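Colleague: Give me a 3D structure for the following:
(chains A, B, C and D)
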Number of protein chains: 4
Amino acid sequence: MSDVEKKSGRERGEEWWQTGIIEMSPGVIRLRGYEIQDLIGRVSFPAVIWLMLRGELPSEDQAALLGIALGAAVDHGPQAPSIAIARMAATCGVGINSAMASAINVLGDVHGGAGEQALSFYGDIALAIDGGTALGEAVSARLDRFFAGEKGYVPGLGHRFHPVDPRAPRLLELTREFAARGVINGRFADIAEAIEAEVARRKGKRIPLNIDGATAVIYGELGFPPPLTRGLFVLSRSVGILAHAWEQSQQSERNKGPLPREWLWAYTGTPPRPFPGEGEAGE
Amino acid sequence: MSDVEKKSGRERGEEWWQTGIIEMSPGVIRLRGYEIQDLIGRVSFPAVIWLMLRGELPSEDQAALLGIALGAAVDHGPQAPSIAIARMAATCGVGINSAMASAINVLGDVHGGAGEQALSFYGDIALAIDGGTALGEAVSARLDRFFAGEKGYVPGLGHRFHPVDPRAPRLLELTREFAARGVINGRFADIAEAIEAEVARRKGKRIPLNIDGATAVIYGELGFPPPLTRGLFVLSRSVGILAHAWEQSQQSERNKGPLPREWLWAYTGTPPRPFPGEGEAGE
Amino acid sequence: MSDVEKKSGRERGEEWWQTGIIEMSPGVIRLRGYEIQDLIGRVSFPAVIWLMLRGELPSEDQAALLGIALGAAVDHGPQAPSIAIARMAATCGVGINSAMASAINVLGDVHGGAGEQALSFYGDIALAIDGGTALGEAVSARLDRFFAGEKGYVPGLGHRFHPVDPRAPRLLELTREFAARGVINGRFADIAEAIEAEVARRKGKRIPLNIDGATAVIYGELGFPPPLTRGLFVLSRSVGILAHAWEQSQQSERNKGPLPREWLWAYTGTPPRPFPGEGEAGE
Amino acid sequence: MSDVEKKSGRERGEEWWQTGIIEMSPGVIRLRGYEIQDLIGRVSFPAVIWLMLRGELPSEDQAALLGIALGAAVDHGPQAPSIAIARMAATCGVGINSAMASAINVLGDVHGGAGEQALSFYGDIALAIDGGTALGEAVSARLDRFFAGEKGYVPGLGHRFHPVDPRAPRLLELTREFAARGVINGRFADIAEAIEAEVARRKGKRIPLNIDGATAVIYGELGFPPPLTRGLFVLSRSVGILAHAWEQSQQSERNKGPLPREWLWAYTGTPPRPFPGEGEAGE
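Modeller: Residues are numbered from 1 along each chain as shown, chains lettered A, B, ... in the order given. As a prediction, this is how the structure comes out:
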């Protein structure tokens, strides 16, 4: 009997679902090899997040810095589609989990992906530096490439609403403090500031680092790969999404639309027309 | 060896997922017992919907009436949370499927459940009639119970925007035509009109049947149970959701919020305050 | 007072939400310029879908062909993630709309995007033909480019499960019938068959057209742009998603997992280990 | 001119969206009255969660206890529908945010609502105690009512898989420690243990507190209302959902189904049958 045949059955079923994250047997739950009861009460919530995503426990300082980044991006008010959707969903007769899901779902490439793009951008520069290029040169080359071939905004810079996003300088300041204490090495902070400076030089005006750029610095310093940056943003923004869904659910509105109820939208399409006679239809 | 033991393995795995809807083997797909290639080109899209949900093929007339109800509720404009969410999601960098999912997700008890409530209400009355009560009496008793103990609006009646919803009388008219031809028996149309008349008598003004009440009549006539009414509404509204997500995706907006970009929301919370000194925190 | 100032207020709010799809005023609903009550009962459900997405009414034949494609892809059983998720969600205590949303949400680039990729592929070839290249040459050139630079499967060909997908030849046959009657011109059918033949010639074995390739032919013939193909697939698959969610909701399972309840997954991670002593943590 | 008229316009638009959570102006973001830059680096992530949901900063101890509960429920493996769905979605070509949304969406009444039900149950007993009833009597009366009229499991007790859930006793132990230090008063722990004891007395065997019962104790001690319990569970489980979606996305599976690819489901429906001749259709 072959190995495959011997395996067919329960073993084959069980190996279809594989994970290195969690192990269970009756009465036992282990996360990344640790008994769950050994973790509970000993490690902070950000440390649990780190352990789950990275496989190892962080130092207390690493967990603290992760928590700082997570706490900084929880909310940007109901003009953000994610927050508005959470509130609208909460008036439609769905559970708070579903209101959250509809909102989290829209944290896509445009709404939730800016940090990922910023960290990839920093990473390209870091790679050039690792290969022997000087910081300024590496930044300049990457920006050349950006302005030549890519379009839109330099990742991590600028904000449509805030002249200076109050979260960014504070996050950079803290990053510098953690670097001074040796928790991280500070290279992504260097890269981000060099990008900001070089763009200012080229454009003749400062386009300051935004929240996505600043959290990308921290996530990069802590060793998270760019795509996880979006996942971390989801964990962060989920807090604001929950708070707004909850606040809305305490009010009495039903089927809340985007505009005041007594307003309508503008119609820009075909003017009123009669239904065509038989045989007249067709494009 | 016991039966359970003999079954353990592939058979046990396969029976964990059971369905009476679809059967497959390599090169073969059967829906409700019919070869898929026998169905394709022979039955209309509404007939496929019916077959999938009910297990048997409808007559052409039944399928036509189902299609009429499905086509009537596709859209109610961007003041409906479902439509607004589809459009907002489309600007956030997610696929059109995800924009649709965020929108469909909010068709909950309040936004999507009115038809279900209406059909349950009609069903209570139909049951009383089956038990020998006269139509007028059954309607009156159910309304007594409603006004005594339940709150809100009589299911299926009234609209916050339309004095008369232009879809409802047309749907009722068509229901009567199908009943006259013997496709359906017309009892749910009788019930709905009797409810409308009795509420008008009690309130001294007519609160006309709305789209949810009218489609509930049709779904009831066709034998759909109330909870499926919501599912059918999802299929119907998905069309408008897709159309709006698509239209929005052709425009250039990014992260579209509910209000014009230059406006904000009103803040109603705690006024600005300093961060408390060490030891002062706590609720 | 400037125009912008004069507009600020309700007008500005209303123009923030613009659409050419639907117009409303109290008692009036118009879709693409037609009174809704003029459409109800006169046009089929697929024709309403067409009108909403395209802006004009289709001919009856066009609507029929659209309905054929929509009806063909409704279900592929619970091994499809979309269908399995619909069933699992239905056991978790959410509404049928939310079960559908979780499922529709996963019809992404891999699960739902094959038709879009196929139609783009056909479109590249159609463009070359419009530019004067012969069919065979255009197909060969596009395949050269595919095998040189892109990876994976030729869009629209082959199936991991069905040697021949029973839906595809039937759909092609119907496409040919509609072309013979002049409803469509048949060029996308020609292209798809030429791709299939050329790949067979190159590989020495036939890799037949699959459902995504076949529906892409129809959607292309009917003039739909590639990204809408995914939206149409969502409308189609929603029917199976609803049928499975509904069937599952009639059973008594709670929190249905992927494998039989008495089975587990395989753990492949770090072996059990003690929680580190104070100061030992860190990656 | 009336107040309403004077307000129409931007003010009316802005008051349509109201919140006490966040205030913004260019360069300024305040959460619950605090400048965001004053919060960043000064309060832990669980403290930010508390502030957003409750409006005031917690003490460090309160935030720590909240973090403990949040960290305890992050994962229960791929047999949980939420985790399985996250992994399946990750193979379908959607962003990590959408994989998370599909998963979070199913944390409904059955999968995510157990904590809410447990805390409501405890709250009923707490209310009776506040009204002068003794603990034992209040518990007994509530259980009488449960066994008389409600069905299923006593909220917060028992687990289909773990004889004793290893998380629950550890969480109770920590709750007692925090109560001993005066952070909380311990009444919900008393209530939960009294329920456990009384059910053991009545049934003749111990049905131990589970994770939902234990976290409900903590959330209740900290003053969270029952419906927020589900929201907090979403924040917690999101961590596991992200970890599993991420792990899965690093593997190469496409369209991962619930069972091994070479297995199918069991078909239980109508046997194969020919398509009916013209005129034979109909239910």
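
Colleague: quick check, the top helix by length along chain A touching chain D?
Modeller: Assignment by DSSP state H gives helix A:226-249 as the longest helix of chain A. Yes. Helix A:226-249 reaches chain D (C-beta under 8 Å from any C-beta of the partner chain) through A:227-228, A:230-232, A:234-235, A:238-240, A:242-247, A:249. Heads up, the C-betas are built off the backbone N, CA and C, glycines and all.

Colleague: repeat for stretch A:107-126
Modeller: Yes. Counting by C-beta under 8 Å from any C-beta, chain D is contacted by stretch A:107-126 at A:Leu107, A:Gly108, A:Asp109, A:Gly112, A:Gly113.

Colleague: Out of the residues you listed, which comes closest to B:Arg202?
Modeller: Among the residues of stretch A:107-126 next to chain D, A:Leu107 lies closest to B:Arg202 (C-beta to C-beta), at 49.3 Å.

Colleague: residue ranges of the strands in chain A, please?
Modeller: With strands called from DSSP state E, chain A shows them at A:18-19, A:22-25, A:28-31, A:34-35, A:266-267.

Colleague: and of those, who's closest to chain D?
Modeller: strand A:22-25 (4.8 Å; C-beta to the nearest C-beta).

Colleague: Pull that closest one out as PDB, backbone CA atoms only.
Modeller: Extracted C-alpha coordinates of strand A:22-25, given in PDB (Å, rounded to 0.1, in the frame of the first residue of the first chain):
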ATOM      1  CA  ILE A  22      -1.800  27.300  16.600                       C
ATOM      2  CA  GLU A  23      -1.800  23.800  18.000                       C
ATOM      3  CA  MET A  24      -4.700  22.300  19.800                       C
ATOM      4  CA  SER A  25      -5.800  19.200  21.600                       C
END
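
Colleague: Quick one: list the elements packing against that strand.
Modeller: strand A:28-31, strand C:266-267 (3 or more C-beta pairs under 8 Å, 6 or more residues apart in numbering or on different chains; DSSP states H and E).

Colleague: So what are the sheet partners of the last one and their directions?
Modeller: Using DSSP bridges, the strands paired with strand C:266-267 are strand A:18-19 (parallel).

Colleague: got JSON lines for the strands of chain A, with mean neighbour count and mean pLDDT too?
Modeller: Conversion of the strands of chain A to JSON lines gives the following (neighbours: other C-beta atoms under 10 Å in any protein chain shown; pLDDT from 0 to 100):
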{"stretch": "strand A:18-19", "mean neighbour count": "18", "mean pLDDT": "96"}
{"stretch": "strand A:22-25", "mean neighbour count": "20", "mean pLDDT": "96"}
{"stretch": "strand A:28-31", "mean neighbour count": "20", "mean pLDDT": "97"}
{"stretch": "strand A:34-35", "mean neighbour count": "19", "mean pLDDT": "97"}
{"stretch": "strand A:266-267", "mean neighbour count": "17", "mean pLDDT": "94"}
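
Colleague: Would you mind putting those strands into TSV with distance to C:Ile207 alongside?
Modeller: TSV is the format used below for the strands of chain A (distance: least, C-beta to C-beta, whole Å):
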stretch	distance to C:Ile207
strand A:18-19	30
strand A:22-25	40
strand A:28-31	44
strand A:34-35	48
strand A:266-267	48
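
Colleague: just to revisit the earlier point, for the residues of stretch A:107-126 next to chain D, work out which two are farthest apart.
Modeller: So, the residues of stretch A:107-126 next to chain D by C-beta to C-beta: farthest apart are A:Leu107 and A:Asp109, at 9.4 Å.

Colleague: so what's in contact with those two at the same time?
Modeller: Counting by C-beta atoms under 8 Å, 6 or more residues apart in numbering or on different chains, the common neighbours of A:Leu107 and A:Asp109 are B:Cys92, D:Gly95.

Colleague: More neighbours: which of those two?
Modeller: A:Leu107 (30 against 16; other C-beta atoms under 10 Å in any protein chain shown).

Colleague: how near is A:Gly131 to chain B?
Modeller: 32 Å (C-beta to the nearest C-beta, to the nearest Å).

Colleague: For that residue, grab the count of nearby residues.
Modeller: 8.

Colleague: likewise A:Lys256?
Modeller: A:Lys256, neighbours per other C-beta under 10 Å, totals 23.

Colleague: Next up, the contacts around it.
Modeller: Neighbours of A:Lys256 in contact, by C-beta under 8 Å, 6+ apart: A:Arg87, A:Met88, A:Thr91, A:Gln248, B:Pro81.

Colleague: same check, this time on A:Arg181
Modeller: With the criterion set at C-beta under 8 Å, 6+ apart, A:Arg181 makes contact with A:Asp61.

Colleague: How much space separates whatever residue of the stretch 101-250 of chain A ends up closest to chain C from chain B?
Modeller: Residue of the stretch 101-250 of chain A nearest chain C, by C-beta to the nearest C-beta: A:Asn105 (6.5 Å). Distance, A:Asn105 to chain B, using C-beta to the nearest C-beta: 5 Å.

Colleague: in terms of contact, does that residue touch B:Ser102 like I think?
Modeller: Yes. In this structure, A:Asn105 is within contact of B:Ser102 by C-beta atoms under 8 Å, at 4.6 Å.

Colleague: how many other residues sit next to the nearest residue to the residue of the stretch 101-250 of chain A closest to chain C once chain neighbours are set aside?
Modeller: Nearest non-adjacent residue to A:Asn105, counting by C-beta to C-beta, 6 or more residues apart in numbering or on different chains: D:Ala101, 3.5 Å away. When neighbours are defined as other C-beta under 10 Å, D:Ala101 has 34 of them.

Colleague: Once you drop chain neighbours, what's closest to whatever residue of the stretch 1-150 of chain A ends up closest to chain C?
Modeller: Nearest residue of the stretch 1-150 of chain A to chain C: A:Gly20, at 3.0 Å (C-beta to the nearest C-beta). Computed as C-beta to C-beta, 6+ apart, the closest residue to A:Gly20 that is not its neighbour in sequence is C:Gly269, at 3.0 Å.

Colleague: So what does A:Gln250 look like in phi/psi?
Modeller: Phi and psi for A:Gln250, reported as degrees, to the nearest 10, are phi -80, psi -10.

Colleague: measure it to D:Leu66 for me?
Modeller: 20 Å (C-beta to C-beta, to the nearest Å).

Colleague: and which of the contacts of A:Lys256 is nearest to A:Pro58?
Modeller: For those, the nearest to A:Pro58 is A:Arg87 (34.2 Å; C-beta to C-beta).
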